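J.: Sharing a model that was predicted from the sequence below.
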Amino acid sequence: MDEYYEAIQALPCWLADLLAAVPPGQAAQIQEIRLRAGEPVVFTLQGRPCSAAQISPALAAMGRLRLTQAQIEECLLFMAGNSLHSYEDELAGGYLTLAGGHRVGVGGRYVRSTSGRIPHYVLVQARSLNLRVARVRVPALPPELRQLLAEPFGALALVGEPGSGKTTVLRGIACELKQAGRICAVVDEREELFGRRQLPPGGFCGTDVIAGVAKADAVQMALRTLAPQVILLDELGSTEEVQALQQGFAGGVDLVGTLHAGSLKEAERRPQFRQLCQSGMLRAACLLAGRQSPGTIVQVQAYGTERSV
């Protein structure tokens with residue numbers, strides 16, 4: 001069964017039953033389900049928005065549906081297991097993660113709260129939900145990337161726009177490294193790489209995973225307690241995280257991380273990428289094709305240790 005049908009089970013039955021009418025052939029291509037107050041359900045296929053009618057005539061009832069504000073809030077509460085408080089930290093970042101690694105982006109009105117030690121954002125009203133379907137796929141890696149992974153490589157950046165399959169490729173690299181006999185620690189802060197479920201049989205066993213911990217802290221935990229040869233993490237988001245990784249790099253630990261950018265030129269303007277270059281860590285960057293062909297690597301660019309962007 002395609003992961004689409006698993007993802008929609010996180011929604012209330014009245015909506016999940018409508019979404020379950022999507023034929024299997026089309027379901028396997030759906031990347032996102034967008035729910036907005038006052039608007040029809042919109043699907044994302046190959047990076048493009050698609051209405052219910054465009055997918056199948058069998059979805060006529062869904063095409064007539066216009067979700068109310070109350071229904072949007074009902075969906076969010078249902079996905080949070082009727083306990084939004086349990087997802088307070090995730091919602092402060094504008095999302096929540098579901099079983100299976102599916103992620104829901106939450107649009108709406110937020111307010112900044114200064115209660116507690118660290119200022120954070122609190123969701124006041126949800127107005128739109130973007131349910132991203134997570135699929136466990138092991139993509140074919142290009143020969144030049146497999147050759148790079150066959151020996152110590154310093155740091156490797158996976159570069160792509162949102163929805164381009166960076167997480168999918170990261171899973172593939174984890175498999176490749178595991179088969180090569182390297183000890184890997186995966187930093188899975190949002191529980192998207194492997195999700196809140198048991199790992200698939202023979203899929204990622206033998207990989208140490210630290211989930212639900214801020215990346216910079218998780219990197220330190222991995223270095224102190226797991227003695228990895230390679231650390232893999234999704235969404236290299238801050239220079240503090242790069243600084244944490246530099247400690248491991250100094251001790252001979254390799255790094256694979258993903259970075260949001262539409263091209264290598266855009267990536268080179270990101271402070272995290274510049275820091276990787278200037279520290280001498282970055283060995284190569286892989287550019288992904290984009291939303292229309294998720295998980296496809298179109299370029300592997302080498303970066304010398306002497307290079308400074």
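T.: That came through, no problem.
J.: what about stretch 17-35, average pLDDT?
T.: In this model, stretch 17-35 carries a mean pLDDT of 93.
J.: Could you do stretch 49-60 as well?
T.: Stretch 49-60 comes out at a mean pLDDT of 89.
J.: can you list contacts of that stretch?
T.: 18, 21-23, 26, 34, 40-45, 62-63 (CB atoms under 8 Å, 6 or more residues apart in numbering). C-betas here are computed from N, CA, C, even on glycine.
J.: Write the PyMOL selection for whichever of the residues you listed are buried.
T.: Here is the PyMOL command that selects the buried residues among those (16 or more other CB atoms under 10 Å):
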select buried, resi 18+22+26+34+40+41+42+43+44+45+62+63
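J.: What is the nearest of the contacts of stretch 49-60 to Arg127?
T.: Using CB to CB, Arg34 comes nearest to Arg127 of these, at 11.7 Å.
J.: would you say that closest one is within a strand?
T.: Yes. Looking at Arg34 with DSSP: H, G, I helix; E, B strand; the rest coil, it is inside a strand.
J.: List the buried residues of stretch 51-59.
T.: Result for stretch 51-59 [16+ other CB under 10 Å]: buried residues 52, 55-56, 59.
J.: Tell me the buried residues in the longest helix seen in the chain?
T.: Counting residues, the longest helix found in the chain (DSSP state H) is helix 166-179. Within helix 166-179, the residues that count as buried by 16+ other CB under 10 Å are 166-178.
J.: what's the answer for stretch 148-156, then?
T.: 148-149, 153-156.
J.: Let me see the ranges of the strands in the stretch 201-309 of the chain.
T.: Per DSSP state E, counting those that start in this stretch, the stretch 201-309 of the chain carries strands over the ranges 208-211, 230-233, 254-260, 282-288, 297-302.
J.: Including distance to Leu96 and mean pLDDT, could those go into TSV?
T.: TSV is the format used below for the strands of the stretch 201-309 of the chain (distance: least, CB to CB, whole Å; pLDDT from 0 to 100):
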stretch	distance to Leu96	mean pLDDT
strand 208-211	14	87
strand 230-233	20	92
strand 254-260	20	92
strand 282-288	25	93
strand 297-302	30	92
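J.: Out of these, flag the one nearest Gln243.
T.: When the strands of the stretch 201-309 of the chain are ranked by proximity to Gln243, the top entry is strand 254-260, at 12.3 Å, counting by CB to CB.
J.: Just list what that closest one packs against, helices and strands only.
T.: strand 155-160, helix 166-179, strand 230-233, helix 239-250 (3 or more CB pairs under 8 Å, 6 or more residues apart in numbering; DSSP states H and E).
J.: Mind checking those for the one nearest to Leu91?
T.: Going by CB to CB, the one of these nearest Leu91 is helix 166-179, 20.6 Å.
J.: which residues are contacting that closest one?
T.: Contacting residues not belonging to helix 166-179 are listed as 134-141, 145-146, 149, 156, 158-160, 184, 186, 192-193, 203-204, 206-207, 230, 232, 234, 256, 258-259, 286, 288, 294-295, 297 [CB under 8 Å, 6+ apart].
J.: Settle this for me: Gly262 is touching Pro162, isn't it.
T.: No. Using CB atoms under 8 Å, Gly262 is not in contact with Pro162; the gap is 9.6 Å.
J.: For the closest residue to Arg135 other than its chain neighbours, give me the pLDDT.
T.: Residue nearest to Arg135 in three dimensions, not counting chain neighbours: Glu3, with 4.7 Å by CB to CB, 6 or more residues apart in numbering. Per-residue confidence at Glu3 stands at 91 (pLDDT).
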